[in-house]
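# sequence and predicted model, in that order:
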Amino acid sequence: MSFANMEYAAYIAALSSLVFAALVFYLYLKGRAAKNISAMLRMYPWKRRIKTGCLLLALPLFALAALGPTRGERSREVENEGADVLIALDVSRSMNAGDVAATRLERAKNAARWIADSLDGGRIGLIVFAGEAFLFCPMTADRGAFLMFLDAAGTDSVNLQGTDIGAVFNEAHRVFKKKPQNSKILVLITDGEDHEGTAFSAVEKFKELGVSVYCAGLGEDEGAFIAGADGNPVKTAKNASFLKKLAGAAGGSYFDISESFSGLRAVISAIDSHKKNHYGSRVLKEPIEYFAPFILPLIFLLALELLLPEIAMTSNAALPPPLRKFLKKYRSAE
C-alpha cells in the first residue's frame, strides 16, 4: 500500500495536530461541565470513555484517508493525442546560483516537471546545453522515462562549459526536422547568459519549421556569485532583455519563473489549443484507491460517538423546570 498525497503529509500532520489540541481542550471543558452537574444527572463514565476513544481513534483514520491510500495499479488503454514538446534545459555552471529557491537549476527542473505533469497526451523530450547542446531524452510518451532523464541532468551532463544558446536551436532543428507532426513546441529554460553570440542567426533557420517557442527566464537581475573554473567567485545575472529579444525573433513569448510558474500555464494553454497530433494508443497505469479500510471505521466511530448517551435524567423532582424539560427531551431522544 502507498499514499498518493505524501507531498501534503506535513500539512495534514499540522492540521491533525491542531484538531487534536482542540479535541483535548473540548474534552477538558466537557469533563469540568460534567462535574458541575453530576449531582443532578446520572452519569455513565464508561460510556464517556468510549466516546472519547472514538474521537481519538477517528483522528488518525481521517489523516490516513486524507493522504490518499492506494493499493496496486490498473491499466487502461487511451488514445495518445497531443503535441511534441521539447524542453531545452540550461545546465551551465551559472545555473548553480542560489538567487532563487534552492538553485536556478533545481528551479528549472521543477518547471520542466510541472510541464510534464500537466500534459494530457503527446510526447516530450529533453535537450541539455551549456557550451554545446544535445538530445538528452528522445521524444517519448512515457512521462516516467522523461522524469528519470530530467532527474539525472546536472551541470556535469555537458563536458564543454560556457553557454551557447544558438546550439540549442540547431539541435532542436535537427530533432524537429525529422518529425512530421504539425504541433511542435520548444520551451527554453535558462538564465539568459549566452557566450557565443550565435542565437539569433540560429533562430532565423529554426523559424522555418513553424515551432512555437517559449523562453522561461530565471534568476535575480542583480545576480549572484558562483565558484568559477579557477575557484574564484564569479558573478552571474539573469539576462531578461536578451531572452525577450530572442523570443520576439522566434515569434514566441518570454516569461519569468523565478518566483512563480504562472507563466507556464501559457505553454499548457498553447499545447491544448494546437492541432492534436495522433500517436496511436498508449497504456495508462493508474493507482487503485484504497479508502475503505479507513473510511468505514471512521464513519462507524463517529456514528457511535454521536449515538451513545453518557447522561440520563435523575429521579430528583426538585430540578429546575427548564432543566427537567431539557432532560426529558434528551431521554426521549435516546
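The structure has been received and is ready for your questions.
# return the residues in contact with Asp272.
Contacts of Asp272 were listed using C-beta atoms under 8 Å, 6 or more residues apart in numbering, and they are Asp120. (Each C-beta comes from the backbone N, C-alpha and C, glycine too.)
# in the helix or strand harbouring it, what's buried?
Using DSSP states H and E, Asp272 falls within helix 264-273. Buried residues in helix 264-273, counting neighbours by 16 or more other C-beta atoms under 10 Å, are found at 264, 267, 270-271.
# neighbouring contacts of stretch 253-267?
Applying C-beta under 8 Å, 6+ apart, the contact partners of stretch 253-267 are 100, 107-108, 110-111, 114-115, 118, 185, 187, 189, 214-220, 238, 240, 243-244, 246-248.
# please pick the buried ones from those.
Among those, the ones that count as buried by 16+ other C-beta under 10 Å are 100, 107-108, 111, 115, 185, 187, 189, 214-220, 238, 240, 243-244, 246-247.
# among the residues you listed, which ones are in strands?
With strands identified by DSSP state E, the entries of those that belong to them are 185, 187, 189, 214-217.
# I'd like those residues as a markdown table, with pLDDT appended.
Supplementary listing: these in a markdown table, determined by pLDDT from 0 to 100:
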| residue | pLDDT |
| --- | --- |
| Ile185 | 92 |
| Val187 | 96 |
| Ile189 | 97 |
| Tyr214 | 94 |
| Cys215 | 95 |
| Ala216 | 96 |
| Gly217 | 96 |
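# can I get the residues you listed in TSV with distance to Trp46?
Shown next, in TSV, are these (distance: C-beta to C-beta, whole Å):
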residue	distance to Trp46
Ile185	67
Val187	65
Ile189	64
Tyr214	67
Cys215	70
Ala216	64
Gly217	67
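# so where do the strands sit in this structure?
2-3, 41-43, 69-82, 84-90, 123-129, 133-140, 184-190, 212-217, 224-227, 233-236, 253-256, 277-289, 311-313.
# least confident of those strands, on average?
Ranked by mean pLDDT, the strands of the chain end with strand 311-313 in last place, scoring a mean of 55.
# do you know how far Ile12 is from Glu193?
When C-beta to C-beta, to the nearest Å is applied, the distance between Ile12 and Glu193 equals 41 Å.
# er, Phe134 actually
19 Å.
# which one of these two has more residues nearby?
More neighbours surround Glu193 than the other of Phe134 and Glu193, with 19 against 13 (other C-beta atoms under 10 Å).
# show the pLDDT at that one.
In this model, Glu193 is scored at 91, pLDDT.
# which residues touch it?
Going by C-beta under 8 Å, 6+ apart, the list of residues near Glu193 reads 92, 94, 163, 236, 239.
# show me the protein divided up by domain.
Dividing the chain into domains by automatic domain parsing, as the record does, gives the ranges 2-68+291-333, 77-284.
# deepest of these, which one?
Scoring the domains of the chain by mean neighbour count under mean count of other C-beta atoms under 10 Å gives domain 77-284 as the most buried, with a mean of 18.
# please name the bridge partners of Cys137.
The residues paired with Cys137 through beta bridges, assigned by DSSP bridges, are Leu126.
# so can I have TSV of the strands of the chain showing distance to Ala58?
Conversion of the strands of the chain to TSV gives the following (distance: least, C-beta to C-beta, whole Å):
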stretch	distance to Ala58
strand 2-3	19
strand 41-43	23
strand 69-82	16
strand 84-90	45
strand 123-129	43
strand 133-140	45
strand 184-190	46
strand 212-217	45
strand 224-227	49
strand 233-236	53
strand 253-256	46
strand 277-289	20
strand 311-313	21
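# what are the ranges of the helices in this structure?
Chain-ordered helices for the chain, with DSSP state H as the definition, fall at 9-37, 45-66, 104-118, 143-152, 165-177, 199-206, 240-249, 264-273, 292-307, 321-333.
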